[in-house]
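Chemist: here is my input; please provide its structure:
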Amino acid sequence: MTPLLRTPDASSGPATPEHRAELTAEAARLVDFARSSVHPDGGFGWLDDQGRLVREHPVELWLTCRMTHVAALALLAGDESTAALVDEGVRALRCRLHDDVHGGWYAAVGPDGPVKDAKESYGHSFVLLAASSALRAGRDGARELLDDALAVHDARFWREDDGLVVDVWDRGWTELEDYRGVNANMHTVEALLAVADVTGDERYRQRALRITTRVLGWAAGNDWRIPEHFDSSWTPLPDYNRADPGHQFRPYGATVGHALEWSRLALDLAAALGEQAPRELRDGAEQLFRGAVADGWAADGADGFVYTTDWDGSPVVRQRLHWVVAEGLAAASSLFAATGEPSYAEHYATWWAYAREHLLDLEGGSWRHELDPENRPAATVWSGKPDVYHAYQAVLVPRLPLAPSFATAIADGLLD
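Modeler: Numbering: from 1, shown residues only. So this is what the prediction gives:
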């Protein structure tokens, strides 16, 4: 079967040879910036606005995993120089960040050991993703890492009765936080699609379907604004973090970028399932996208996506975060591929022009992580430029099929 390409036809949007060349160059530029994140104590650290390593910042699990994943994709795409980066990530995940006593991975480590020893589903989902990509890239230790991560996922995080993952355990796996969250489940879907492609185990693709179906159901019942926060019985907590609306991982209200990210993931899942895919995956992807654009883009009169909105769609945190635009680009490109509707290519063109003007930092490197409501550089939610994951994937999406997932597609020679 011919892969369903994410790219529109050659007359518009991401399909033009010139733009594909631009995306290829941007991918290389992002990887070059991120090379400096190797921490001398092991793993990948935090970068400031100029790409300098902030050595005093803890090495965080999610960041180390994301960098390992990006390096593996770059290696698969032909950049042999990133092999050492993948190996660094695998080594840190098997050693420095791993809890050899209780199993699983610390959320963050410093010079003297763990500084945050909670076992977070969010970070563990990225261990699955990093291990899958490293395994597809053929790196030593990746199979053992993935086997370990899957054992922890199966035993500690996945809840068969719920069809979802739980969120945060203590170090010894004795106390489970009452909080349940959609963010960790979203990245688990991404990881499980990659795991299914690498291992051939359909069980993980079906888990991704169960998670996605539940989230789309919650969104459909809430005007397509995804409830993000829940108690231990999966009852929504609509006022959660009202006093801390700009939280990096658990902000109050509806998170515009997550609606866009779920839109893309629903399409990826539908493509992976093929003829067995429920129609509501594509329908839900379109509804989430439309709602996010209506609520989030230029919501206060200036270009850019706001970070969050209230439950009536009005802006709450008006900062413009780079990852939201990246996910918008990925979703628009994917929806054009799935539907052929010209409006999606038009959105893509608008947002790429915005990114080129406001986010791509051609002097300092990478993408500016945060802008204020007037599109000036800011640092109220995020400081520095620690993460290239969202931007890197955004510049790959228009050049790849909807399925299989990133590492498998590149390994199979499907990068256009």
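Chemist: how many residues are close by Glu177?
Modeler: 15 (other C-beta atoms under 10 Å). Where C-beta positions appear, they are placed from N, C-alpha and C, glycine not excepted.
Chemist: with adjacent residues omitted, what lies nearest to it?
Modeler: Closest residue in space to Glu177, ignoring its immediate chain neighbours: Val168 at 4.1 Å, by C-beta to C-beta, 6 or more residues apart in numbering.
Chemist: got the contact list for that neighbour?
Modeler: Contacts for Val168 (C-beta atoms under 8 Å, 6 or more residues apart in numbering) come out as 118-121, 176-177, 179.
Chemist: Asp416 is in contact with Arg399, isn't it?
Modeler: Yes - here Asp416 reaches Arg399: they are 4.5 Å apart, a contact under C-beta atoms under 8 Å.
Chemist: which of these two has more residues huddled nearby?
Modeler: Neighbour totals were compared for Asp416 and Arg399, and Arg399 leads with 23 against 17 (other C-beta under 10 Å).
Chemist: tally of neighbours for Thr380?
Modeler: A count of neighbours around Thr380, defined by other C-beta under 10 Å, yields 11.
Chemist: do you know the pLDDT at it?
Modeler: Thr380 carries a pLDDT value of 94.
Chemist: could you do Ala10 as well?
Modeler: 35.
Chemist: before we move on, what about Ala15?
Modeler: With respect to pLDDT, Ala15 has a value of 70.
Chemist: likewise Leu164?
Modeler: With respect to pLDDT, Leu164 scores 98.
Chemist: check contacts around it.
Modeler: Neighbouring residues of Leu164 by C-beta under 8 Å, 6+ apart: 180, 185, 210-211, 214, 234.
Chemist: any idea how far Ser233 is from it?
Modeler: Distance, Leu164 to Ser233, using C-beta to C-beta, to the nearest Å: 12 Å.
Chemist: equivalent analysis for Thr308, please.
Modeler: Using C-beta to C-beta, Thr308 is found at 25 Å from Ser233.
Chemist: more crowded one of these two?
Modeler: Comparing Thr308 with Ser233 by other C-beta under 10 Å, the one with more neighbours is Thr308, at 27 against 8.
Chemist: the more buried one against Val317, yeah?
Modeler: Yes - at 4.5 Å, Thr308 and Val317 qualify as touching, with contact defined as C-beta under 8 Å.
Chemist: give me the common contacts of the two.
Modeler: Common contacts of Thr308 and Val317 (C-beta under 8 Å, 6+ apart): 245-246, 251.
Chemist: of the residues you listed, buried ones?
Modeler: Among the shared contacts of Thr308 and Val317, those classed as buried by 16 or more other C-beta atoms under 10 Å are 246, 251.
Chemist: output the shared contacts of Thr308 and Val317 in CSV; the columns should cover distance to Val324 and secondary structure.
Modeler: Listed next are those as CSV, based on distance: C-beta to C-beta, whole Å; DSSP: H, G, I helix; E, B strand; the rest coil:
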residue, distance to Val324, secondary structure
Pro245, 15, coil
Gly246, 13, coil
Pro251, 12, coil
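Chemist: export the shared contacts of Thr308 and Val317 to CSV and append columns for distance to Asp295.
Modeler: Formatted as CSV, those follow (distance: C-beta to C-beta, whole Å):
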residue, distance to Asp295
Pro245, 15
Gly246, 17
Pro251, 14
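Chemist: what's the closest of the shared contacts of Thr308 and Val317 to Glu160?
Modeler: Set against Glu160, the nearest of the shared contacts of Thr308 and Val317 by C-beta to C-beta is Pro251 (29.4 Å).
Chemist: distance of that closest one from Ala34?
Modeler: Noted for Pro251: a distance of 25 Å to Ala34, by C-beta to C-beta.
Chemist: picking up where we left off before, tell me the one of the shared contacts of Thr308 and Val317 nearest Ala332?
Modeler: Nearest to Ala332 among these: Pro251, at 22.8 Å, using C-beta to C-beta.
Chemist: quick one, phi/psi of that closest one?
Modeler: The phi and psi values for Pro251, taken as degrees, to the nearest 10, are phi -70, psi 160.
Chemist: please name the nearest non-neighbouring residue to Trp323.
Modeler: His390 (3.9 Å).
Chemist: which residues in the stretch 51-200 of the chain form helices?
Modeler: Taking DSSP state H, counting those that start in this stretch to define them, one finds helices in the stretch 51-200 of the chain at 61-76, 83-94, 121-136, 142-152, 182-199.
Chemist: quick one: Pro40 and Ala92 touch, right?
Modeler: No - with contact defined as C-beta under 8 Å, Pro40 and Ala92 do not form a contacting pair (11.7 Å).
Chemist: between the two, which one's more packed in?
Modeler: Neighbours of Pro40 and Ala92, each counted by other C-beta under 10 Å, are more numerous for Ala92; the result is 26 against 8.
Chemist: can you tell me the closest non-neighbouring residue to the more buried one?
Modeler: In space, and not counting its chain neighbours, Ala92 is closest to Gly43: 3.6 Å by C-beta to C-beta, 6+ apart.
Chemist: so what's the one you found up against?
Modeler: Gly43 touches 59, 64, 88-89, 92-93, 96-97, 109, counting by C-beta under 8 Å, 6+ apart.
Chemist: follow-up on the earlier one: how about the shared contacts of Thr308 and Val317 in CSV, adding pLDDT?
Modeler: Listed next are those as CSV, based on pLDDT from 0 to 100:
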residue, pLDDT
Pro245, 94
Gly246, 91
Pro251, 96
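Chemist: identify, from the shared contacts of Thr308 and Val317, the entry nearest to Pro377.
Modeler: Among the shared contacts of Thr308 and Val317, Gly246 lies closest to Pro377 (C-beta to C-beta), at 16.3 Å.
Chemist: quick one: contacts for the closest one?
Modeler: By C-beta under 8 Å, 6+ apart, the residues touching Gly246 are 307-308, 317, 319, 380-381.
Chemist: report the two of these separated the most.
Modeler: Based on C-beta to C-beta, the longest span within those runs between Thr308 and Thr380 and measures 12.8 Å.
Chemist: which residue sits closest to Ala134, ignoring its sequence neighbours?
Modeler: Ala142 (3.8 Å).
Chemist: my bad, Glu280
Modeler: In space, and not counting its chain neighbours, Glu280 is closest to Leu216: 6.2 Å by C-beta to C-beta, 6+ apart.
Chemist: next, the distance between the ends of stretch 305-322.
Modeler: 9 Å (C-alpha to C-alpha, to the nearest Å).
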